[in-house]
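Q: Got a predicted structure here, sequence first:
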Amino acid sequence: MSKARIQVVWFKRDLRLHDHAPLSNAAAAGPVLPVFAIEPGQWQAPDSALRHWQFAADSLIDLSNALETLSLPLCIWQGDMVDLLNALKTHYSEFVLHSHEETGNAWSFARDLSVKAWCQQHGTPWHEARQHGVVRGLKSRVADRNAWENQWETLMTAPTATAPQSAQAAESWQAFHHIDVKQLHDLTLGFDTTPCPERQPGGRSEGRAVWRSFISQRGRRYRGSLSKPLLAWEFGSRLSPHLAWGTLSMREVVQSLRRQRKKHAEDAAWSRSLRAFASRLHWHCHFIQKLESEPSIESQSLHPALRGLRERDPEHPNLIAWKRGQTGMPLVDACMRSLIATGWINFRMRAMLISHATFGLGLHWVEPALHLARLFTDFEPGIHYPQVQMQAGATGINALRVYNPIKQAEDNDPSGEFVARWVPELTPLPLEWRAKPWALPESLQKRFGFQPGVNYPIPNDFEAEARHWKKTLYELRRTSDAREASQAIVDKLASQRRPPVRHAKKAKPANRQQLSLFDEGGLGE
């Protein structure tokens with residue numbers, strides 16, 4: 001009887017045992033070798049950061065402990081995945097590779113192509129399972145829209161993959177284990193090292209605890225708290241980093257949520273909040289599909305007529321001020337400083353940060369996008385880049401929505417508590433002057449010990465800047481060539497049925513959710 005081939009389970013952004021089809025399939029087929037590759041290229045990419053690694057390290061430790069209950073090791077390989085494949089080939093001669101599909105950034109896309117080429121060259125089977133509702137090779141959302149919706153529902157209602165009760169560990173696994181999990185937090189990988197003292201901890205056990213607290217208590221106030229940075233911190237789901245790193249699966253969350261909706265059907269507040277949350281779960285995969293279908297969204301403006309408008313300058317004074325939370329706009333600066341410290345901010349404030357950077361400060365969207373990617377613990381490329389382009393007006397098919405930071409402060413931080421916490425230099429001022437500290441009359445400056453431009457920056461004329469860019473973008477979208485390009489984008493990437501693009505200035509999204517999903521990993525708060 002021939003000896004069963006080694007079944008290599010390649011963990012990526014799916015750090016769990018439950019609802020993990022690659023692991024379940026591998027355990028049923030032969031000796032299992034679970035691996036996670038710490039690849040230098042991933043952590044040196046411009047959108048990677050220390051807080052991402054810290055969350056991943058937490059999750060890997062939790063995963064390692066879970067695998068121990070099956071008498072399986074988690075082999076931590078430090079190096080490129082192709083190098084690991086070569087080592088496996090040398091050691092075992094024949095093996096089978098199992099993993100989930102991934103829609104990541106340009107680096108992970110290129111890495112997966114290299115792995116595919118290696119497997120084809122060496123005759124190694126690579127079985128990829130779907131983790132989300134994203135469809136590989138989708139050509140047109142218009143032609144396949146109904147099929148896309150149906151497959152999403154089919155995937156989400158299918159039974160979750162059951163974690164194996166036992167498994168046989170591969171022999172000689174120690175040859176592929178470079179780093180003890182206890183040492184993961186001490187690694188220096190070359191990424192952005194901005195500290196994040198209030199970061200969410202990772203791991204499936206943490207994710208399950210956060211989810212339980214949301215569906216049992218916090219979620220009842222979800223809908224009314226979405227837009228407000230202080231309330232969203234407490235009453236949002238906070239599941240997004242767990243979905244981004246796969247400590248929880250989308251399917252198990254969808255199924256659990258549907259059970260809760262039935263349970264709370266007679267409670268109006270619960271029903272409204274859980275319905276709003278369900279819409280975020282549904283739209284999560286819609287946005288990742290956009291990057292899957294058009295990978296250039298990560299680095300190039302989607303609409304050809306809108307490319308080359310602004311120069312990318314990583315040393316631009318406006319960009320530096322924005323990144324430091326020193327623009328002179330209190331709510332913008334409070335959001336940035338909060339994000340630096342916590343790794344999270346609610347959806348509306350994320351949208352406002354991009355809106356202010358691109359319209360209020362006249363910056364190209366790419367550098368702000370990379371900076372926010374490094375700050376979001378829940379960074380999910382397929383959500384992040386399409387949404388940044390939408391808020392920056394670079395898609396050419398959405399209405400331009402420019403957020404006024406003063407109005408946002410009045411609407412979503414009326415007490416000034418959020419600004420006071422993160423911009424303490426404004427606390428000497430009465431509430432009515434905190435929104436516009438640059439306008440404080442000289443007669444009051446001495447009384448409050450505050451001098452605009454000394455104690456806090458004076459902002460640029462952001463309203464005039466925004467008017468300029470709105471006018472410029474709308475004019476560029478009016479040409480016949482631009483309208484044809486807009487229609488082509490709608491046909492390929494639009495998420496819902498919508499009329500053909502006729503007049504760019506009047507083109508609006510079919511659903512306002514297309515503009516309001518700039519949230520935590522595409523999930524919602």
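A: Cool, got the structure.

Q: Now Arg111: closest residue in space, sequence neighbours ignored.
A: Beyond its immediate neighbours in the sequence, the residue positioned closest to Arg111 (Cβ to Cβ, 6 or more residues apart in numbering) is Met81, lying 6.2 Å away. Every C-beta, even on glycine, is put in place using the N, C-alpha and C of the backbone.

Q: where do the strands sit along this protein?
A: Under the criterion DSSP state E, strands of the chain are mapped to 6-10, 32-38, 75-78, 95-100, 126-129.

Q: Averaged pLDDT, the second one. What do you get?
A: When the per-residue pLDDT values of strand 32-38 are averaged, the result is 98.

Q: for it, packing partners?
A: In terms of contact count using 3 or more Cβ pairs under 8 Å, 6 or more residues apart in numbering; DSSP states H and E, strand 32-38 is assigned the packing partners strand 6-10, helix 21-29, helix 50-68, strand 75-78, helix 81-92.

Q: between that strand and strand 95-100, how many degrees?
A: Here strand 32-38 runs at 60 degrees with respect to strand 95-100, directions being taken by axes from the mean of the first three to the mean of the last three Cα atoms, to 10 degrees.

Q: now swap in the first one and tell me
A: Counting by the same axes, to 10 degrees, strand 6-10 lies at 30 degrees to strand 95-100.

Q: Run through who's touching strand 6-10.
A: By Cβ atoms under 8 Å, 6 or more residues apart in numbering, the surrounding residues in contact with strand 6-10 are 22-23, 25-27, 29-37, 81, 88, 92, 94-99, 170.

Q: hmm, which of those are the buried ones?
A: 22-23, 25-27, 30-37, 81, 88, 92, 95-99, 170 (16 or more other Cβ atoms under 10 Å).

Q: where in the chain is pLDDT low?
A: Judged against pLDDT under 70, the low-scoring parts of the chain cover residues 1-2, 139-145, 495-525.

Q: quick check: longest helix of it.
A: Across the chain, the helix with the greatest residue count (assigned by DSSP state H) is helix 268-293.

Q: In it, which residues are buried?
A: Buried residues in helix 268-293, counting neighbours by 16+ other Cβ under 10 Å, are found at 270, 273-274, 276-278, 280-293.

Q: Stretch 110-130 now?
A: Under the neighbour-count criterion of 16+ other Cβ under 10 Å, stretch 110-130 has 111-112, 115, 118, 124, 126, 128-129 buried.

Q: Now that stretch - C-alpha only, CSV.
A: C-alpha atoms of stretch 110-130 as CSV (Å, rounded to 0.1, in the frame of the first residue of the first chain):
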residue,chain,number,x,y,z
ALA,A,110,2.2,38.4,-7.5
ARG,A,111,3.1,35.9,-4.8
ASP,A,112,0.2,33.7,-5.6
LEU,A,113,1.0,33.8,-9.3
SER,A,114,4.5,32.6,-8.4
VAL,A,115,3.1,29.8,-6.2
LYS,A,116,0.8,28.7,-9.1
ALA,A,117,3.6,28.6,-11.6
TRP,A,118,5.8,26.6,-9.2
CYS,A,119,3.0,24.1,-8.6
GLN,A,120,2.3,23.7,-12.3
GLN,A,121,6.0,23.3,-13.0
HIS,A,122,6.5,20.6,-10.4
GLY,A,123,3.1,18.8,-10.8
THR,A,124,2.1,19.6,-7.3
PRO,A,125,-1.7,19.8,-6.7
TRP,A,126,-2.9,23.1,-5.2
HIS,A,127,-6.4,23.1,-3.9
GLU,A,128,-7.8,26.5,-3.2
ALA,A,129,-11.1,27.0,-1.3
ARG,A,130,-13.3,30.1,-1.4
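
Q: which residues does Gly382 contact?
A: Going by Cβ under 8 Å, 6+ apart, the list of residues near Gly382 reads 103-104, 134, 287-292, 522.

Q: er, Pro381 I mean
A: If you count contacts by Cβ under 8 Å, 6+ apart, then Pro381 has 47, 103-105, 108, 291, 298, 373 around it.

Q: Take those and keep only those in helices.
A: Secondary structure defined by DSSP H assigns 108, 291, 373 of these to helices.

Q: any chance of the residues you listed in TSV, with distance to Thr193 too?
A: Converted to TSV, these look like this (distance: Cβ to Cβ, whole Å):
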residue	distance to Thr193
Ser108	21
Leu291	27
Ala373	15
